[in-house]
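Asker: mind looking at a prediction? Sequence and model below.
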Amino acid sequence: MSELERLQAEFQRSILGQNSAVLEHVMDGPREQRDVLFGVYKNGYASRLTEVLRKDHEYLHAYLGDEMFDQMSKLYIAEHPSQQPNLRWFSRELPDLLRTAPPFAEYPEIADLAALERDLNDCFDAPDAPVLAAADFAGIAAERWTDLRFVPHPSARRLDLLTNAADIWLALKSDEAPPDAVRLGSACRLLIWRQDVTPRFRELTDEEAMMWDEAARGLPFGVLCSMLAMHDDPDGAAGRAAGYLQQWVTTDLLAGLS
Amino acid sequence: MTISPQRIDPALGRDPRTSRHGQKPDFLGFGLGLRAQHYADILDGDPPVDWFEIISENYMIPGGQPLRILDRIRERFPVVMHGVSLSIASTSPPDFGYLQMLKDLAQRVEPRWVSDHLCWTGVHGQNLHDLLPIPYTHEALDYVVNRVQLVQDYLGRALVLENASTYVQFRHQDMTEWEFLTELTRRSGCFLLLDINNVYVSAFNHGFDPHEFLEGIPTDRVVQFHMAGHSHMGTHIIDTHDHLVCDDVFDLYRAALKRFGAVSTMVERDDNIPPLDELLAEVQRTREIAAEILSADDRDRAS
């Protein structure tokens, strides 16, 4: 191991608070002690990453307040040190930690809020793709419809929440008092995507969520209609499927047909 | 043009204004760091800025609004790329995934140059997201020269490296920071970005004369100046890049202009981002100071 390697390893360990051995290798400044000067690096590390978490999770921060958010940040920074050169991806594991780590795991709306914000962040800079327009369906012969498969826009993603975190998030975003957190009897099924440049989400019915999930897996329109017929009134299944499809197209959720 | 023999750098065997990956970029004028808070004002207006510098990592993303806006801005303004995560001095193996993303972005943006910092950001797979200092030793110099050459070969272009603000100095050092930078640029062929504020900050923190730093840097290797603000703690200065540029740093800028001549200059604000007009006023000040200093130099040369 070279001197430079040894020095960098010690410098890093000292920033992470594992020891302060690097102070033997650095000098006092002309006006300040070395431990204070080294503290600029040490303090900067935690504050920089906490700032990233605050930026990525604005409304989770509003929900938790400074003290609890900082407690959460400290835990996350310790458990998930950054391994990416780009800070953009630093916070991605936060919802996973919040589902299991006490005391946060006792309040499932916290992990749900984090998951919703992560997905909104992810669709903000998800890959671009052309979107289907109603005109793209105009020339399709009737007999081809049963075999049509739909390609979701790359920004689109589904998220099932076990709490009313979506309502909490919307209240916080509107600068209103959030409702009390509640665990839901059945999951809140969200579809999250980017329309033009703006991330959006909306809640789906169980039926639309099922059709979206299966369409995204590549099942053809004819099979999707059959599934809807089994789910609810069979006579109206084709019409309902067409209605869902129309809404997907008008809100830029589809990127292609195959 | 005839190149006189004494201008051939023995280490490179070529005109020192060029590196293995290209000639010194042309003077771009007076620029500003592109920040998301100003997108609308820039796109809807006609800001008096000659060029923009982007933070490379902010655009090393799959898609969406930032890249679309960048495409529109580069239709109207020259753009340079400035990274914070190259970690050129890290003793960990190079991150080729990062380098490929940087190369891909450069292909899209076609920047006038690509810069980052003379620093390391982490080892052992971890990233501390800070511009960490290196010891100015022969060992570190040899290591960084090799790493710069490797990265330049991968990117297919010369790098531009910036002096970082530092808060500690190592006990064992073989040379000064400016001697290290000089050797690095001569041996690797990279160019230099002098952050005038960082020179000021490090000089205060370590007790050296910032003018001695400037005098020690070769005039033919500097392609860009950064101008920024800092936070003075009394016993030391922290490079926060979140304040107006102070008068002392503008004074040092005057000295830099006298030594280096016309160098592309930009105002870099990283935090506490004010309205665009406030930063444009700082850009205008750099422009006016440069006009004053450079025209005086012309007069001196003519007389």
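Answerer: That came in fine, so what should we check first?

Asker: can we go C-alpha only for contacts and neighbour counts from here?
Answerer: Will do.

Asker: name the element residue A:203 belongs to?
Answerer: Taking DSSP states H and E as the criterion, residue A:203 maps to strand A:198-204.

Asker: what helices and strands are in contact with that strand?
Answerer: On a contact count with 3 or more C-alpha pairs under 8 Å, 6 or more residues apart in numbering or on different chains; DSSP states H and E, strand A:198-204 meets helix A:108-124, strand A:183-195.

Asker: which of these sits most buried?
Answerer: Counting by mean count of other C-alpha atoms under 10 Å in any protein chain shown, helix A:108-124 has the highest mean neighbour count of those, with a mean of 23.

Asker: and after that helix, which helix or strand comes next?
Answerer: strand A:150-152.

Asker: give the other helices and strands that that next one contacts.
Answerer: helix A:206-216, strand A:254-257.

Asker: what residues does the stretch 1-150 of chain B put near chain A?
Answerer: Proximity of the stretch 1-150 of chain B to chain A (C-alpha under 8 Å from any C-alpha of the partner chain) is limited to residues B:57-58, B:61-66, B:85-86, B:90-91, B:98, B:122-123, B:125-130, B:132, B:135, B:139-140.

Asker: among these, which ones are in helices?
Answerer: Among the residues of the stretch 1-150 of chain B next to chain A, DSSP state H puts B:65-66, B:98, B:139-140 in helices.

Asker: count of neighbours near residue 236?
Answerer: Unless you meant another one, I'm taking chain A. 12 (other C-alpha atoms under 10 Å in any protein chain shown).

Asker: hm, I was asking about chain B
Answerer: Other residues near residue B:236 come to 22 when the count uses other C-alpha under 10 Å.

Asker: dihedrals phi and psi, it?
Answerer: Residue B:236 has phi and psi values of phi -160, psi 160 when expressed as degrees, to the nearest 10.

Asker: does it touch residue A:32 like I think?
Answerer: Yes - at 6.9 Å, residue B:236 counts as touching residue A:32 under the criterion of C-alpha atoms under 8 Å.

Asker: about what we covered before: closest to residue B:153 out of the helices and strands packed on strand A:198-204?
Answerer: Of all the helices and strands packed on strand A:198-204, helix A:108-124 sits nearest to residue B:153, with 32.7 Å by C-alpha to C-alpha.

Asker: what about that closest one and chain B, any contact?
Answerer: Yes - against chain B, helix A:108-124 shows contacts by C-alpha under 8 Å from any C-alpha at residue A:124.

Asker: likewise for stretch A:53-70?
Answerer: No - judged by C-alpha under 8 Å from any C-alpha, stretch A:53-70 makes no contact with chain B; its nearest approach is 12.6 Å.

Asker: buried residues in that stretch?
Answerer: A:53-54, A:56-61, A:63, A:69-70 (16 or more other C-alpha atoms under 10 Å in any protein chain shown).

Asker: now do stretch A:167-176
Answerer: A:168-169, A:172.

Asker: residue contacts, the residue with the largest distance to the centre of chain A?
Answerer: No residue in chain A sits farther from the centre than residue A:30, which is 47.2 Å out by C-alpha atoms, centre = their mean. Residue A:30 makes contact with B:205-207, according to C-alpha atoms under 8 Å, 6 or more residues apart in numbering or on different chains.

Asker: picking up where we left off before, mind checking which of the buried residues of stretch A:167-176 are in strands?
Answerer: Secondary structure assignment by DSSP state E places none of those in strands.

Asker: tabulate those (JSON lines), appending pLDDT.
Answerer: JSON lines is the format used below for these (pLDDT from 0 to 100):
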{"residue": "A:168", "pLDDT": "98"}
{"residue": "A:169", "pLDDT": "98"}
{"residue": "A:172", "pLDDT": "98"}
